[in-house]
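J.: quick one: sequence and predicted model below, then my questions.
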Amino acid sequence: MFDQITDGVHFVTALILSVIIWGLCLAVAWYYHFSEARRYSWHNNSLADFMDLIPNWLMNTVLVAWFIVGTFPMLNYVADKAQFGGVVGRARELNMFDDRPWYGVGGYQFLIVVVILIVGYLINWYRNK
């Protein structure tokens, strides 16, 4: 679904999407790690109670994956330029070459996120071993 939104976007649109995703990631990271409200929310029965149940290693891994997801609109923009820009891009538009660069394919982007989550788990497992 994210490919449908970010395919064929212009540079400014890709940059705005990336900044929004990165900004949300940084806001959640700030709230999780530095907010005084989160530290004392356990007794107030607020939404942050749920965040207190998430282990630090899992939250850090999810934040890293989230930050990498912020690069996907820019990667899709670059892949569009490589696929459809210039002389080679004109030939690709005529379906002579229908290959999209690997970094612009949603399956590979999803694989990168899965690898980050697995590596985060393995680092935690190794440190607690």
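T.: Yes, it's here. Numbering: from 1, shown residues only.

J.: rest of the way, CA atoms for contacts and neighbours
T.: OK.

J.: what mean pLDDT does stretch 84-97 get?
T.: Per-residue pLDDT over stretch 84-97 has a mean of 63.

J.: got any ranges where the chain has weak pLDDT?
T.: 1-8, 35-51, 85-98 (pLDDT under 70).

J.: mind listing the helices for it?
T.: Secondary structure of the chain (DSSP state H): helices at 2-6, 11-34, 36-39, 48-52, 56-69, 72-84, 86-93, 106-127.

J.: highest average neighbour count across those?
T.: With neighbours defined as mean count of other Cα atoms under 10 Å, the helices of the chain peak in mean count at helix 72-84, which reaches a mean of 21.

J.: how about the helices of the chain in CSV, adding distance to Asp99?
T.: Putting the helices of the chain into CSV (distance: least, Cα to Cα, whole Å) gives the following:
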stretch, distance to Asp99
helix 2-6, 16
helix 11-34, 21
helix 36-39, 47
helix 48-52, 42
helix 56-69, 22
helix 72-84, 7
helix 86-93, 8
helix 106-127, 13
